[in-house]
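Asks: I'll drop the sequence and a predicted model, then ask my questions.
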Amino acid sequence: MCSPVIDVAVGSDIGRRYTANFDVTYLREQPLLALVADGMGDGPGSAAAGRTAVDIFVEHVADAVELGPDTLRAAVAAAHARVSRIGQELRTLAGCTLTAMVAAPQGCWLVQIGDSRVYRLRAGLLELLTTDHTMAWLGAVHGWYPFDSPQAASARYQLTRYIGHSDSPEPDVLSVTMQPGDRYLLCTDGVSEQVGYDDLRNWLSRGVNPQSVVVRLLAAADRAGGNDNATAIVLYVN
């Protein structure tokens, strides 16, 4: 399983834009299972999608006899099916992102669909381990428009993959090792869009506990405008 996590913390903040928090988290330390989901929009479909997707994913992982990429993709497929039915029943958009870290024999599996993120700080280098499934990401990679342009800002809301998508797209499933000294951050875009790279790296590098890092990251998102629900899970590995 994953190397023992010496400390872990989770937190979420409603921000200033919405009247409710549409982010959903799940955290189990041993064996590690950490998830963040971010509902799309601010309606009943958003609230139902995030909670349902997390519950179904956790249930599939907990019941799995053998945990590998096929099982993780099947868990996402099951979430797609249920969230799609919710959208049909409510006759409204029902969708969410889902990003997870799941214990594996030689490290961890990362499961990614949408634009929530997993970062890793190792030996002073903060890396983004996941890819955003958005038109903004494609535009940045292919040079369609400047990253800070109005076109890029609009494209950040155009997800190419999410739970509840009519085509039931597969998630990215990645295998990563965990080494002593690693620090991981799972977060929704309410953190990554409002807290800059240098601030993320600086807070994760400091000699404070994960709970303090979570509190500071959420406070930083609020100072930046609080334009979205903000959620973070921080893990330290010994």
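Replies: Alright, I've got the coordinates.
Asks: what is residue 101 paired to in the beta sheet?
Replies: residue 34, residue 110 (DSSP bridges).
Asks: what mean pLDDT does stretch 200-210 have?
Replies: Mean pLDDT, stretch 200-210: 93.
Asks: which parts of it are buried?
Replies: Judged by neighbour count (16 or more other Cβ atoms under 10 Å), stretch 200-210 contains these buried residues: 200, 201, 203, 204, 210. From N, CA and C alone the C-beta is placed, and that goes for glycine too.
Asks: quick one: the helices in the protein?
Replies: Under the criterion DSSP state H, helices of the chain are mapped to 44-63, 69-90, 135-142, 150-155, 189-192, 197-205, 210-223.
Asks: which secondary structure elements does the last one contact?
Replies: Right, the one you point to is helix 210-223. Contacts defined by 3 or more Cβ pairs under 8 Å, 6 or more residues apart in numbering; DSSP states H and E place helix 210-223 against strand 5-13, helix 189-192, helix 197-205, strand 230-237.
Asks: mind checking which of these is nearest residue 28?
Replies: For the helices and strands packed on helix 210-223, proximity to residue 28 was assessed by Cβ to Cβ; strand 5-13 is nearest, at 9.6 Å.
Asks: Just checking: what are the partner strands of the closest one?
Replies: Sheet pairing for strand 5-13, assigned by DSSP bridges, gives strand 230-237 (antiparallel).
Asks: so for the strand it pairs with, what's the average pLDDT?
Replies: According to the model, strand 230-237 has a mean pLDDT of 97.
Asks: Just put the buried residues of stretch 200-210 in a markdown table and tack on distance to residue 190.
Replies: Converted to a markdown table, these look like this (distance: Cβ to Cβ, whole Å):
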| residue | distance to residue 190 |
| --- | --- |
| 200 | 13 |
| 201 | 18 |
| 203 | 16 |
| 204 | 17 |
| 210 | 18 |
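Asks: returning to what we had before: most tightly packed of the helices of the chain?
Replies: Highest mean neighbour count of these: helix 189-192, a mean of 26 (counted as mean count of other Cβ atoms under 10 Å).
Asks: list the helices and strands it packs on?
Replies: helix 210-223, strand 230-237.
Asks: buried sites along the shortest one?
Replies: This points to strand 230-237. Neighbour-count burial for strand 230-237 flags 230, 231, 232, 233, 234, 235, 236, 237 (criterion: 16+ other Cβ under 10 Å).
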